[in-house]
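A.B. asks: Let's see this in three dimensions:
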Amino acid sequence: MDRIILHCDLNCFYASVELLDHPELQNVPVAVCGDPASRHGIILAKNEPAKRCGVQTAETIWQAKKKCPDLVLLPPHHDLYREYSRKVNALYDTYTDLVEPFGIDESWLDITGTVHLFSGDAKAVADGLRRRVREELGLSLSVGVSFNKIFAKLGSDYRKPDATTVISRENWQKIVWPLPVGDLLFVGNAAQKLLHQYGVETIGQLAQCKPALLETLMGKLGVQLHAYANGLCGEPVRARCDAEIAKSVGSGTTFPKNLIKREQVASGIAILADSVSTRLRHCGLYAGGVQVTLRTPDFRDTSRQRQLSAPTRLIRELTDAAMSLVEELWKPPAPIRALTVTAIHLLPEGDAYEQVDLFTAPSAPVREKQEKLEAAMDRIRGKYGSGSIVFGAASPKKEEDPFP
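C.D. replies: Here you go, the predicted model:
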């Protein structure tokens, strides 16, 4: 028997929450944006009138204002968004225990085992859910109903705002295959450009490609996308209480001023690596590789990654690997707006020790001592605050401080 999966997407979520306190702005273009003074001056969310003016998420404020001079800008309140996200997911919990959040404003629900408690008709359940979210929380919801997670998400995106779309065994080719290939989950800009070079513009054309060709072009992702395009996603909805195995652990920041000196960049990298290292220890993980992403003032991102010679979560080793990658990507004094350091190819503690026995390796005593030292730092920070103690490399000189 097919699963019955809903994908629930809160429409214009940040903007909709803000407008609960500003009903007078419901019919005028509104956008939630970051703080220009702290260099986060981009559009985080917009309402439907702003969307009709062409305002797009992630564009700069000046670009949005050029399209829509009357755009009303509101500051974000992230605690409020998290509160409403919890409220909405608590409402979902009254329908099923299989609720898997996908970001703060989206969730999958598997109602296969509970649909009979709510009339037995999946579309009726989705319509009732939309009505409850609107009446009880004042928010708008779009819902996709399908037999797998990928098509359920396509359904929630198909008609907005406040709509239900059913993608069934009978109609999925008619609905899904004409859609642009970029509408398929996990087809990003790079994949879209690559597929375009081979004449693949729609999901249907992707479905007709030979899997071997896609694997040659895109690796395992190509095979996965081919399966998705043919309705072959069998991934279950995971309950919130079921912890997801982390695939990466990253930390990034936009700097108050562009970085142009190596000392500034090294300080920034060290601080980010310290954050990643702390989170790896908290999760009981080791990094098998490191990735660095560099953003220029014109919002161009470049990334590079490297496999490490041995799994690690030591600050110094992560810092050295990340800085080495930066030096491959960057030539001073080219300005850097933002940096991200990400630990990839993660391994649980047991697997890391099996691959490389850290405590019998030649440098074992030094590494063991450093592991204990950094664990002690975590305990001090937990008791006295994150700024109570810092690793030497992560303590920038005053004149080079990228975090004033």
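A.B. asks: Give me the contact list for stretch 104-112.
C.D. replies: For stretch 104-112, contacts defined as C-beta atoms under 8 Å, 6 or more residues apart in numbering pick out 1, 3-10, 13, 81-82, 85, 88-89, 92, 95-96, 98-102, 118, 122, 125, 149, 152-153, 156, 236-237. The C-beta positions use only the backbone N, C-alpha and C, and glycine is treated the same way.
A.B. asks: again, only this time at 6 Å
C.D. replies: For stretch 104-112, contacts defined as C-beta atoms under 6 Å, 6 or more residues apart in numbering pick out 3-10, 13, 85, 92, 95-96, 98-101, 149, 237.
A.B. asks: distance between the ends of it?
C.D. replies: Stretch 104-112 has an end-to-end distance of 24 Å (C-alpha to C-alpha, to the nearest Å).
A.B. asks: Let me see the mean pLDDT of that stretch.
C.D. replies: Taken as a whole, stretch 104-112 has an average pLDDT of 95.
A.B. asks: to the chain's geometric centre, what's the distance from that stretch?
C.D. replies: 17 Å (C-alpha atoms, centre = their mean, to the nearest Å).
A.B. asks: Over to stretch 224-244?
C.D. replies: Using C-alpha atoms, centre = their mean, the offset of stretch 224-244 from its chain centre is 17 Å.
A.B. asks: residues of that stretch that come out buried?
C.D. replies: Going by neighbour count (16 or more other C-beta atoms under 10 Å), the buried part of stretch 224-244 is 224, 225, 226, 227, 228, 229, 230, 231, 233, 237, 238.
A.B. asks: In these, which has the lowest confidence score?
C.D. replies: residue 238 (87).
A.B. asks: My read is that it contacts residue 98, right?
C.D. replies: No: Residue 238 lies out of contact with residue 98 (C-beta atoms under 6 Å); the separation is 7.6 Å.
A.B. asks: re the thing from before, from the contacts of stretch 104-112, which land in helices?
C.D. replies: Among the contacts of stretch 104-112, DSSP state H puts 13, 85, 92, 149 in helices.
A.B. asks: between the residues you listed, which is nearest residue 73?
C.D. replies: residue 13 (17.0 Å; C-beta to C-beta).
A.B. asks: how much space between the closest residue to the closest one other than its chain neighbours and residue 134?
C.D. replies: Excluding the flanking residues, the one nearest residue 13 by C-beta to C-beta, 6 or more residues apart in numbering is residue 105, at 3.7 Å. Per C-beta to C-beta, to the nearest Å, residue 105 is found 15 Å from residue 134.
A.B. asks: residue nearest the centroid of this structure?
C.D. replies: residue 103 (7.0 Å; C-alpha atoms, centre = their mean).
A.B. asks: wait, residue 153 sits on residue 7?
C.D. replies: Yes: counting by C-beta under 6 Å, residue 153 sits close enough to residue 7 to count as a contact (4.5 Å).
A.B. asks: Same question for stretch 172-191: list its buried residues.
C.D. replies: Buried residues in stretch 172-191 (16+ other C-beta under 10 Å): 172, 175, 176, 177, 179, 181, 182, 184, 185, 187, 191.
A.B. asks: Outside of it itself, list whatever touches it.
C.D. replies: Contacts of stretch 172-191 (C-beta under 6 Å, 6+ apart): 150, 153, 167, 192, 195, 200, 202, 203, 204, 206, 228, 231.
A.B. asks: measure that stretch end to end?
C.D. replies: Stretch 172-191 has an end-to-end distance of 23 Å (C-alpha to C-alpha).
A.B. asks: same deal with stretch 91-99?
C.D. replies: 10 Å.
A.B. asks: can you check stretch 166-184 too?
C.D. replies: Distance between the two ends of stretch 166-184: 16 Å, counting by C-alpha to C-alpha.
A.B. asks: Show me which of residue 153 and residue 7 is the more surrounded one.
C.D. replies: residue 7 (29 against 24; other C-beta atoms under 10 Å).
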